[in-house]
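Colleague: can't give you the sequence, but here's the structure:
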Ligand SMILES: NC(=O)c1ccc[n+]([C@@H]2O[C@H](COP(=O)([O-])OP(=O)(O)OC[C@H]3O[C@@H](n4cnc5c(N)ncnc54)[C@H](OP(=O)(O)O)[C@@H]3O)[C@@H](O)[C@H]2O)c1
């Protein structure tokens, strides 16, 4: 039933190429939503300390009865401005996430934002090295890091992030960053892969490709990501959409479809939806 391919991260860990994201799912709804996703066949779940739903997510993981080794769980350090993120604070935040998830390890732990104006991600990464060495995170990585942030990290550490989770969809294709990931051996993971279910899914070009394949706009966009080699983590609380977003392995886009979707980023609607990591610090 589970046809999701695995992507081999730079430390050998296998990560499902398609997972389930839970941003904006309240904790008391997360158990049901994640439970629906696991029942549909998802095996990878993307949460974060700041989403406030690690407990509900953990309950669903436990209730699923699935063997731990079949699951891939990602969470993120909320390196927010309320604290100084020294070693103890990072380790405490990590322990707190594990306790809420009711797990003894996660598969992937990410620094949520670079916050370059705070100039502390190099120090945080030192503690991530320690977490990776302990085996309590099978892999560690970053999120929302820009080329300059990745280059700084590379100058100060031999541990290359396994993943950079970034805003990425046909309207914001991040070409330069993806090329850098390929050079450095970092897996590209797309957040808001459906463009948050907004304008992207209503564009005529997407609709016409969807009609051609007898698929939905969301399925076409997910197929574009898979073909481009990205890991994707679409979010939905709607059971039919949760299933639809996983049912993307029975068709292929052709070169013409791909070129039309590739061109969207440089068209009039091409822009980011979320915050700019250069200035985001709230
Ligand atoms: N690292 C970061 O800074 C960061 C930032 C943002 C997101 N993320 C991660 O990425 C995940 C996905 O991103 P996202 O939640 O921002 O956006 P998304 O997955 O691109 O889109 C989610 C929205 O699209 C709708 N939707 C889902 N499937 C659909 C379908 N088949 N047809 C039509 N509409 C559909 C959902 O509605 P319903 O739920 O109502 O069905 C929801 O409103 C998050 O959940 C989170 O795990 C990470």
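Modeller: That came through fine. Remember, it's a predicted structure, so these values are computed and weren't measured experimentally.
Colleague: show the subsequent helix or strand relative to the helix or strand harbouring residue 150.
Modeller: For residue 150, the element it lies in under DSSP states H and E is helix 147-156. Under the assignment DSSP H and E, the closest C-terminal helix or strand after helix 147-156 is strand 163-167.
Colleague: in its sheet, what does that next one sit against?
Modeller: Here strand 163-167 is paired, per DSSP bridges, with strand 137-143 (parallel), strand 187-191 (parallel).
Colleague: is the ligand contacted by that strand?
Modeller: Yes: in terms of C-beta under 6 Å from any ligand atom, part of strand 163-167 sits within range of the ligand, namely residue 165. Bear in mind the C-beta positions are built from the backbone N, C-alpha and C, glycine included.
Colleague: buried stuff in that strand?
Modeller: Neighbour counts over strand 163-167 (16 or more other C-beta atoms under 10 Å) mark 163, 164, 165, 166, 167 as buried.
Colleague: which of those residues sits closest to the ligand?
Modeller: Nearest to the ligand among the buried residues of strand 163-167: residue 165, at 4.7 Å, using C-beta to the nearest ligand atom.
Colleague: can you tell me which residues in the chain are near the ligand?
Modeller: The chain has residues 21-23, 46, 112, 143-144, 165, 191-197, 201, 216, 218, 233-238, 241, 244-245, 274 near the ligand, with proximity defined as C-beta under 6 Å from any ligand atom.
Colleague: from the residues you listed, list just the buried residues.
Modeller: For these, buried by 16+ other C-beta under 10 Å: 21-22, 46, 112, 143-144, 165, 191-197, 201, 216, 218, 233-237, 241, 244-245.
Colleague: from the stretch 51-200 of the chain, which residue is nearest to the ligand?
Modeller: residue 197 (2.4 Å).
Colleague: quick one, what contacts that residue?
Modeller: By C-beta atoms under 8 Å, 6 or more residues apart in numbering, the residues touching residue 197 are 218, 236.
Colleague: residue 81 contacts residue 120, doesn't it?
Modeller: No: contact criterion C-beta atoms under 8 Å: residue 81 and residue 120 do not qualify, at 10.3 Å.
Colleague: neighbour count: these two, which is higher?
Modeller: Between residue 81 and residue 120, residue 120 has the larger neighbour count (other C-beta atoms under 10 Å), namely 17 against 11.
Colleague: separation between the closest residue to residue 146 other than its chain neighbours and residue 48?
Modeller: Residue nearest to residue 146 in three dimensions, not counting chain neighbours: residue 277, with 5.6 Å by C-beta to C-beta, 6 or more residues apart in numbering. From residue 277 across to residue 48, the span is 15 Å (C-beta to C-beta, to the nearest Å).
Colleague: ok, back up a step: using CSV, lay out the buried residues of strand 163-167 together with pLDDT.
Modeller: Formatted as CSV, those follow (pLDDT from 0 to 100):
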residue, pLDDT
163, 99
164, 99
165, 99
166, 98
167, 98
